[in-house]
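Chemist: pasting a predicted model and its sequence here:
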Amino acid sequence: MTDIPDIRTMEDFATYVGLSRPTVSKYFNDPRSVRSVTRDKIEAAIETSNFRPNLFAANLKRSRTRVLGIIIPNSTDPFYMALTERIEAIAEAAGYFAFMLSSNGRIDLEAEAIDRLQSMNVAGAIVIPVGARDINARLTSLAKKIPLVYVDNPPDDDLPFVGTNNDQSFGVMVDYLCRSGEPPCYLGMPEINRNASSRRRAYMRAMERFGETPKILPIPDSQSWDFERFGHELTAQFLTSGLPTRTLLCANDRIALGAQLAAWEAGLKVGHGADCTLRIAGHDDHPLSRFACPPLTTMAQNVKEIGSLAMSQLMSRLSENSVEAGPAGERVLLRGDLKLRASA
């Protein structure tokens, strides 16, 4: 294989490597399905020829593809990026190619992403849907055709879902804040998905269990994903008019980071020391939360485990070649872990 011909098709590559077209195709479908000697020969030929098959064109010809879809609501959010990275790694190890699309928080773009996945004939999908009320009807339709697993924002029906137990995580945070200082008031998030109301209710129930009256700060009707700006602007307003307590619990870390900036601009010292005037806590354990000034107290979501469990459910449904309920309909809620840092 010293002279490398112009390799454009699977047939060209099969001739180049000296194997049959079905054997080469079998390898690209699942490398583990061919003998180790054959696999080594093909991989050596790939290395020397730089040939890469057109996976999308090949998949369109099959009734069962090796492509998985991922739809996320925001491509800049670290949580969704870490989740996608985990899903892609597991998919690759299983012989699948994961293709990610972002809805940018819009129902119309989510519908376009669904149509695109269908046109690619994907085998299954993991979806973080947008919307705080009704789940996109096209997702409901898609779930009848291919295995589908929801993450972060739960569906209405009994489709499989993996997310964080907000009742547990906010319960732990409220308990800690009440025991260590003034009970927290709550700065919620825009109603961009069902986590907004779920986390608000979890805060309220936790405060009531502790014998405290919930203090929810009023927020405007917004569909913004710019959480840092949202938290910064609202906290600045509340600091001017006066917070009901010297402890502020934010719906997520990105809002809390904006709140910390507002406090700094107002000349307030954030922390739990005797010389501090305001405590601020968040939720999610954003990658930058430990590097905030001061480092942010938060509840960590186990994003790797969420991705692993979502893929486990999806792969189970794919192996059964079914979209029916059963183990596929399982809802898994993971516990959050308290990260105590200097901000609260």
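Modeler: Received the coordinates, thanks.

Chemist: quick check: domain ranges of this protein?
Modeler: As given by automatic domain parsing, the domain ranges for the chain are 10-53, 67-164+303-335, 166-300.

Chemist: minimum distance to residue 342: which of those has it?
Modeler: domain 166-300 (3.6 Å; C-beta to C-beta). The C-beta positions use only the backbone N, C-alpha and C, and glycine is treated the same way.

Chemist: what's the end-to-end length of the closest one?
Modeler: 11 Å (C-alpha to C-alpha, to the nearest Å).

Chemist: figure out how far that domain is from the centre of its chain.
Modeler: How far domain 166-300 lies from its chain's middle: 21 Å, per C-alpha atoms, centre = their mean, to the nearest Å.

Chemist: ditto for stretch 138-153
Modeler: 15 Å.

Chemist: same thing with stretch 27-38?
Modeler: On C-alpha atoms, centre = their mean, the centre of stretch 27-38 falls 32 Å from the chain's centre.

Chemist: end to end, how far does it reach?
Modeler: 9 Å.

Chemist: buried ones in that stretch?
Modeler: 27, 28, 29, 34, 38 (16 or more other C-beta atoms under 10 Å).

Chemist: the second one: which element?
Modeler: I take that to be residue 28. helix 21-29 (DSSP states H and E).

Chemist: would you tell me what the next helix or strand after that helix is?
Modeler: Downstream of helix 21-29, the next assigned helix or strand under DSSP H and E is helix 36-49.

Chemist: packing partners for that following helix?
Modeler: helix 10-17, helix 21-29 (3 or more C-beta pairs under 8 Å, 6 or more residues apart in numbering; DSSP states H and E).

Chemist: compare the mean pLDDT across the ones you listed and name the weakest.
Modeler: Of all the helices and strands packed on helix 36-49, the minimum mean pLDDT falls on helix 21-29 (a mean of 79).

Chemist: tilt between that one and helix 36-49?
Modeler: On the basis of axes from the mean of the first three to the mean of the last three C-alpha atoms, to 10 degrees, helix 21-29 is oriented at 80 degrees to helix 36-49.

Chemist: what sits up against helix 21-29?
Modeler: The list of residues contacting helix 21-29 from outside it, by C-beta atoms under 8 Å, 6 or more residues apart in numbering, reads 10-11, 13-14, 17, 33-34, 38-39, 42, 53, 55, 58, 66, 95.

Chemist: what helix or strand is residue 310 on?
Modeler: helix 303-320.

Chemist: reformat the buried residues of stretch 27-38 as TSV; add distance to residue 257.
Modeler: Supplementary listing: those in TSV, determined by distance: C-beta to C-beta, whole Å:
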residue	distance to residue 257
27	47
28	44
29	45
34	50
38	53
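
Chemist: and the residues you listed, which two are the farthest apart?
Modeler: Longest span within the buried residues of stretch 27-38, C-beta to C-beta: 29 and 38, 13.4 Å.

Chemist: any idea how far residue 313 is from residue 102?
Modeler: To residue 313, residue 102 is 22 Å away according to C-beta to C-beta, to the nearest Å.

Chemist: neighbour count winner among the two?
Modeler: residue 313 (27 against 20; other C-beta atoms under 10 Å).
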